[in-house]
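A.B. asks: no sequence for this one, just the structure:
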């Protein structure tokens with residue numbers, strides 16, 4: 001799918017490393033406006049004569065970058081993006097209110113299609129802005145004097161106008177940076193792990209110019225300055241061991257404890273942990289933390305899957321580090337853009353950090369040979385000009401507001417020759433607060449052999465789940481944690497016609513999913529290796545109200561965000577989830593034979609059956625399995641029944657029971 005609307009004339013600003021002057025950008029914009037029915041005329045770069053006349057006139061400064069007023073009363077932070085590398089032809093800005101020694105964010109604006117006028121002495125940029133509030137003077141005019149490279153940068157004079165062309169407020173902003181955002185980047189690494197250094201892109205074929213890139217350089221090319229906050233911290237492994245596996249719960253607890261800049265507020269600070277291996281195995285390359293409180297604050301890369309010092313391994317490390325940090329800036333995968341807010345077309349053919357190489361048309365080798373080590377244009381626009389709360393670390397949750405119109409996404413494909421079918425199934429009726437477990441089956445729809453992704457769990461990327469809530473609102477399920485998993489495929493044949501998977505889907509990045517009584521519908525979309533979109537059946541689910549005081553009590557205990565997080569994590573020792581653990585303990589203590597207590601026992605038991613790593617002032621310490629707690633949990637898990645006296649089970653409970661039994665069998669080994 002093309003990244004551009006084929007009915008409009010657009011210019012790719014990412015085709016080369018040419019630095020665009022404001023004169024060239026203005027000429028292109030003028031040609032687009034004057035002759036939209038013809039191909040945009042990109043001005044040729046003038047040839048340099050063999051002999052230059054003297055004196056040589058010094059080159060003018062680029063005017064793009066960040067400008068700001070003094071932080072007194074009202075501060076305007078202005079971003080001008082009209083020349084230099086990959087100009088996105090935009091203005092944007094943020095307003096802050098200062099009172100005494102405190103400040104607060106007021107709102108943001110962006111001008112998507114400004115008019116640029118250039119004279120020998122002045123650059124003037126005007127346009128209608130889009131605002132996060134109802135602006136009384138929405139038209140913006142920015143005037144910047146043209147200075148040479150031997151002169152200091154000029155100020156930007158900003159004048160706001162009403163729709164009737166009456167003057168509003170005006171500001172004078174001093175130049176502060178050639179970047180559009182500045183972020184403090186803290187990276188820690190576990191003892192025994194060699195964190196990613198740099199990658200020389202010339203060592204392997206690629207679609208970009210040869211250069212040496214690290215994380216900071218990669219984001220700098222998109223206009224984001226990543227400032228290292230102190231030195232990289234080596235975390236002693238202690239008795240946890242170099243190859244100790246990491247769980248999602250441990251990672252979240254580690255971020256809150258170890259991230260020295262962490263606080264539960266939006267801030268331009270992000271954390272990266274270079275670890276060994278996740279408990280999901282070496283196929284999990286990275287993960288973006290997105291759990292309780294303010295979200296998108298940290299991520300991890302697992303070097304058991306991406307580590308090494310070969311050119312291929314260094315390339316994969318660079319890609320994984322930049323990719324996971326991209327999620328912290330609220331960037332979706334290239335193949336999930338329709339679930340952004342606002343939704344955009346999916347871009348399966350995007351040569352972006354946010355695509356999966358193995359999802360690219362033509363395969364991963366084609367991706368790497370064409371990849372220029374950059375974000376695509378819409379992503380660069382987001383990084384430079386998104387409204388502050390949509391991008392700042394700890395701002396709006398990942399995917400917040402990704403709501404779709406009722407019915408959109410549930411309609412059948414016009415044609416489907418994929419040769420595959422996806423089927424969802426679950427318990428048709430659940431008690432309010434009861435964990436919802438969903439089963440997936442991908443099978444052949446005809447006799448043709450098909451190569452498919454092995455992971456159908458919507459947390460792992462190949463399947464997107466849509467949920468129609470009571471009343472018709474349709475939302476996209478966004479996993480509690482983003483997992484970046486290596487490509488894993490299998491072949492379906494008439495002898496092996498199907499694969500299955502299951503997942504807990506009751507808690508997402510935005511909290512509890514099934515939090516009200518009523519009728520829901522679920523439908524999933526599987527993206528095949530060839531790009532085909534296979535729609536599942538539309539699965540009805542009814543969430544019923546409690547029948548009696550006991551069910552009312554259990555519903556109240558399970559309708560807690562912390563309990564949903566613990567179910568998603570399969571338990572945790574984290575202090576931030578203390579209330580959830582207490583609620584699960586209360587469910588087991590007061591209603592030990594009720595079916596709902598089986599879930600509480602499963603979560604508590606699985607967590608007790610494994611070790612748990614914590615960051616302390618002394619380094620990394622290990623809590624060993626608690627076999628007494630495992631045995632108590634297993635007793636509850638195997639003894640509880642539903643209202644009819646039957647012992648219902650599903651993949652989640654069965655797996656938990658097997659894990660607890662195995663732990664007790666092996667406790668003396």
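C.D. replies: Arrived safely. It should be emphasised that the depicted structure is a prediction, and the values quoted were computed from it without experimental measurement.

A.B. asks: Stretch 353-370: which residues count as buried?
C.D. replies: Neighbour-count burial for stretch 353-370, counted by 16 or more other C-beta atoms under 10 Å, picks out 353-357, 359-360, 367-368. Where C-beta positions appear, they are placed from N, C-alpha and C, glycine not excepted.

A.B. asks: can you give me the end-to-end distance of it?
C.D. replies: End-to-end span of stretch 353-370 (C-alpha to C-alpha, to the nearest Å): 12 Å.

A.B. asks: Next: stretch 623-630.
C.D. replies: Where stretch 623-630 starts and where it finishes are 14 Å apart, if you go by C-alpha to C-alpha.

A.B. asks: Relative to the whole chain's centre, how far out is that stretch?
C.D. replies: Offset of stretch 623-630 from its chain centre (C-alpha atoms, centre = their mean, to the nearest Å): 34 Å.

A.B. asks: In the buried residues of stretch 353-370, which has the lowest confidence score?
C.D. replies: For the buried residues of stretch 353-370, the minimum pLDDT belongs to residue 359; the value there is 79.

A.B. asks: so that residue makes contact with residue 529?
C.D. replies: Yes - at 7.4 Å, residue 359 counts as touching residue 529 under the criterion of C-beta atoms under 8 Å.

A.B. asks: how's the chain carved up into domains?
C.D. replies: The chain breaks down by automatic domain parsing into domains covering 1-177, 181-391, 403-544, 549-665.

A.B. asks: Mark which of the buried residues of stretch 353-370 are part of helices, please.
C.D. replies: 367-368 (DSSP state H).

A.B. asks: Quickly find the element holding the residue lying closest to residue 233 once chain neighbours are set aside.
C.D. replies: Excluding its sequence neighbours, the residue lying closest to residue 233 (C-beta to C-beta, 6 or more residues apart in numbering) is residue 188, at 4.3 Å. Residue 188 belongs to strand 181-190 when assigned by DSSP states H and E.

A.B. asks: And residue 466, by the same measure?
C.D. replies: Residue-wise, residue 466 maps onto strand 463-468 under DSSP H and E.

A.B. asks: next one: residue 663
C.D. replies: Judged by DSSP H and E, residue 663 forms part of helix 651-665.

A.B. asks: Ignoring the adjacent residues along the chain, who's closest to residue 629?
C.D. replies: That would be residue 608: by C-beta to C-beta, 6+ apart, it lies 3.7 Å from residue 629.

A.B. asks: cool, and residue 584?
C.D. replies: Counting by C-beta to C-beta, 6+ apart, the residue nearest residue 584 is residue 600, at 4.1 Å.

A.B. asks: Equivalent analysis for residue 333, please.
C.D. replies: residue 354 (5.6 Å).

A.B. asks: re earlier: now do the buried residues in the helix holding residue 663.
C.D. replies: 652-653, 656-657, 659-660, 663-664.

A.B. asks: By pLDDT, give me the weakest of the residues you listed.
C.D. replies: Ranking those by pLDDT puts residue 652 at the bottom, with 83.

A.B. asks: Next up, phi/psi of the residue nearest to it when sequence neighbours are not counted, please.
C.D. replies: Closest residue in space to residue 652, ignoring its immediate chain neighbours: residue 437 at 4.9 Å, by C-beta to C-beta, 6+ apart. Dihedral pair for residue 437: phi -110, psi 130, per degrees, to the nearest 10.

A.B. asks: Tell me, what's the model's pLDDT at residue 437?
C.D. replies: 90.

A.B. asks: how deep is residue 545 tucked in, by neighbour count?
C.D. replies: Other residues within reach of residue 545, judged by other C-beta atoms under 10 Å, total 12.

A.B. asks: Would you mind listing the residues in contact with the closest residue to it other than its chain neighbours?
C.D. replies: Take residue 545 and drop its neighbours on the chain: the residue closest to it by C-beta to C-beta, 6+ apart is residue 517, 4.9 Å away. For residue 517, the contacting residues are 432, 470, 543-545, by C-beta atoms under 8 Å, 6 or more residues apart in numbering.

A.B. asks: For residue 517, give me the pLDDT.
C.D. replies: 93.

A.B. asks: Likewise for residue 583?
C.D. replies: The model's pLDDT for residue 583 equals 94.

A.B. asks: Let me see the ranges of the helices in the chain.
C.D. replies: 22-34, 215-220, 248-258, 303-306, 311-328, 364-370, 377-385, 388-391, 549-558, 561-569, 578-590, 595-609, 627-639, 651-665.

A.B. asks: re the thing from before, next, format the buried residues of stretch 353-370 as a markdown table and append distance to residue 444.
C.D. replies: Output for those, formatted as a markdown table (distance: C-beta to C-beta, whole Å):
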| residue | distance to residue 444 |
| --- | --- |
| 353 | 34 |
| 354 | 31 |
| 355 | 27 |
| 356 | 24 |
| 357 | 26 |
| 359 | 21 |
| 360 | 25 |
| 367 | 27 |
| 368 | 31 |
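
A.B. asks: Widest-spaced pair of the buried residues of stretch 353-370?
C.D. replies: 354 and 368 (15.2 Å; C-beta to C-beta).

A.B. asks: Please report how far residue 356 lies from residue 464.
C.D. replies: Using C-beta to C-beta, to the nearest Å, residue 356 is found at 13 Å from residue 464.

A.B. asks: where does the stretch 251-400 of the chain dip in pLDDT?
C.D. replies: For the stretch 251-400 of the chain, the stretches with pLDDT under 70 are 256-264, 289-294, 336-344, 397-400.

A.B. asks: residues in contact with residue 300?
C.D. replies: Contacts of residue 300 by C-beta under 8 Å, 6+ apart are 246, 251, 272-275, 286-287, 289, 324.

A.B. asks: Now, those that are in strands?
C.D. replies: With DSSP state E as the criterion, strands contain 246, 272-275, 286-287, 289 from among the contacts of residue 300.

A.B. asks: one step back: of all the helices of the chain, which lies closest to residue 449?
C.D. replies: helix 364-370 (21.0 Å).

A.B. asks: Which parts of the stretch 151-300 of the chain are strands?
C.D. replies: Here the stretch 151-300 of the chain has its strands, by DSSP state E, counting those that start in this stretch, at 156-161, 167-177, 181-190, 199-200, 212-213, 224-228, 233-235, 245-246, 269-275, 277-278, 284-289, 298-302.

A.B. asks: Just say which of those strands is most tucked in.
C.D. replies: Here the criterion is mean neighbour count by mean count of other C-beta atoms under 10 Å, and of the strands of the stretch 151-300 of the chain the winner is strand 298-302, at a mean of 28.

A.B. asks: May I have the strands that pair with that one, each with its orientation?
C.D. replies: strand 269-275 (parallel), strand 284-289 (antiparallel) (DSSP bridges).

A.B. asks: Of the ones you listed, give the one that comes closest to residue 389.
C.D. replies: strand 269-275 (15.4 Å).

A.B. asks: which residues are contacting the closest one?
C.D. replies: By C-beta under 8 Å, 6+ apart, strand 269-275 touches 183-190, 193-196, 215, 229, 246, 251, 254-255, 258-259, 261-262, 297-303, 321, 324-325, 328, 393.

A.B. asks: ok, the residue nearest to residue 333 - contacts?
C.D. replies: Taking C-beta under 8 Å, 6+ apart as the test, what residue 354 contacts is 323, 326, 331-334, 375-376, 379.

A.B. asks: need the contact list for residue 220.
C.D. replies: Residue 220 touches 179, 226, counting by C-beta under 8 Å, 6+ apart.

A.B. asks: Got the confidence number for it?
C.D. replies: 96.

A.B. asks: again with residue 419
C.D. replies: Value for residue 419, per-residue pLDDT: 87.

A.B. asks: measure it to residue 528 for me?
C.D. replies: Residue 419 is 9 Å from residue 528, by C-beta to C-beta.

A.B. asks: overlap in contacts of those two?
C.D. replies: Counting by C-beta under 8 Å, 6+ apart, the common neighbours of residue 419 and residue 528 are residue 450.

A.B. asks: Fine by me, we can end here.
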